[in-house]
Structures are given as C-alpha cells and as structure tokens.
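# Give the three-dimensional model of this entry:
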Amino acid sequence: MGKFKKKPVVIEAEQWFPGQHVDGVEEQPADGSKSQPIGIVKTLEGDMIARPGDWIITGIQGEKYPCKDGIFQKTYEPEK
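Got it, this is the predicted structure:
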C-alpha cells in the first residue's frame with residue numbers, strides 16, 4: 001500500500017452558531033429531544049447535521065459540508 005499526501009487546497013469556511021445565517025445551513029429549532037438547535041447541511045452524500053461551533057466548508061466544487069471545530073483546527077490554518 002502506498003502513502004499519499006493531500007494536495008494543498010484553499011477552502012472557504014464559516015463557523016456556524018444558532019441564529020447566524022450561513023449559506024447551506026438550515027437551522028432546526030431545539031425541541032424536547034434536543035437541548036439546542038442544530039443545522040441541516042445538504043451535502044453530496046445526503047443531509048448532515050451541524051452542531052453549534054461546527055465549521056461549514058465550501059468544497060472545490062462549491063459543495064457544502066460541516067466539520068467539527070477540533071478537526072478543523074488540526075486540518076486547516078488561515079491563508080497568509
């Protein structure tokens with residue numbers, strides 16, 4: 001099995017919190033089973049849940065998908 005390194009790609013991303021408009025996120029209000037609102041992101045793989053503080057990434061083909069803050073911080077750094 002070979003080893004591969006991810007090509008450097010500049011992405012756009014915005015951190016989502018309830019009450020904040022972020023393209024691609026449809027906020028769902030909290031109800032009895034959820035303690036806080038969630039966001040629904042329609043991705044190429046189907047609907048995914050975004051929780052407060054998740055990053056909404058715009059991929060290289062314009063697709064949107066959520067990413068947990070801890071993973072985002074380990075994977076991406078601000079462009080200089």
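# any weak-confidence spans in this structure?
Within the chain, the ranges that satisfy pLDDT under 70 run 32-34.
# Tell me where it has strands.
For the chain, the strands defined by DSSP state E occupy 12-15, 25-28, 38-43, 46-50, 55-58, 64-67.
# Tell me which of these sits nearest to residue 80.
strand 12-15 (15.7 Å; C-beta to C-beta). The way it works is simple: take the backbone N, C-alpha and C, and place the C-beta from them, glycine included.
# Does anything pack onto that closest one? Which helices or strands?
strand 55-58 (3 or more C-beta pairs under 8 Å, 6 or more residues apart in numbering; DSSP states H and E).
# hang on, the earlier thing: could you dump the strands of the chain into JSON lines with distance to residue 74 and mean neighbour count added?
As requested, the strands of the chain are exported to JSON lines (distance: least, C-beta to C-beta, whole Å; neighbours: other C-beta atoms under 10 Å):
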{"stretch": "strand 12-15", "distance to residue 74": "14", "mean neighbour count": "15"}
{"stretch": "strand 25-28", "distance to residue 74": "22", "mean neighbour count": "16"}
{"stretch": "strand 38-43", "distance to residue 74": "20", "mean neighbour count": "18"}
{"stretch": "strand 46-50", "distance to residue 74": "18", "mean neighbour count": "14"}
{"stretch": "strand 55-58", "distance to residue 74": "12", "mean neighbour count": "19"}
{"stretch": "strand 64-67", "distance to residue 74": "10", "mean neighbour count": "20"}
